[in-house]
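Enquirer: what follows is a protein structure lacking sequence information:
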């Protein structure tokens, strides 16, 4: 799932709420979860910007591109190179 799919889902939630086929409590719960997913990605981007990194985050963009894992050398993980 990526940000575009979340946005599309939220449009469907909005339409369902407007036409009465979804309860407000259900729409609130879905919007809450979507908001937390987006906030998490935003936090990851802000942290990466502070470190001068350009992470590849499938949730935000093209999910076919590799993901940069935890760049902390102490983590034992390696950075995956950006495709050329």
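Expert: That came through, no problem. As the structure is a computational prediction, the values presented were derived from the model and not from experiment.

Enquirer: and the spatially most central residue of the chain, what does it touch?
Expert: The residue lying closest to the centre of the chain (C-alpha atoms, centre = their mean) is residue 59, at 4.1 Å. Contacts for residue 59 (C-beta atoms under 8 Å, 6 or more residues apart in numbering) come out as 1-3, 37, 41. For glycine as for every other residue, the C-beta is placed from the backbone atoms N, C-alpha and C.

Enquirer: nearest to residue 23, of these?
Expert: Nearest to residue 23 among the contacts of residue 59, counting by C-beta to C-beta, is residue 37 at 21.3 Å.

Enquirer: I'd say that closest one and residue 7 touch.
Expert: No. In this structure, residue 37 is not within contact of residue 7 by C-beta atoms under 8 Å, at 11.2 Å.

Enquirer: all helices for this structure, in order.
Expert: 3-19, 24-50 (DSSP state H).
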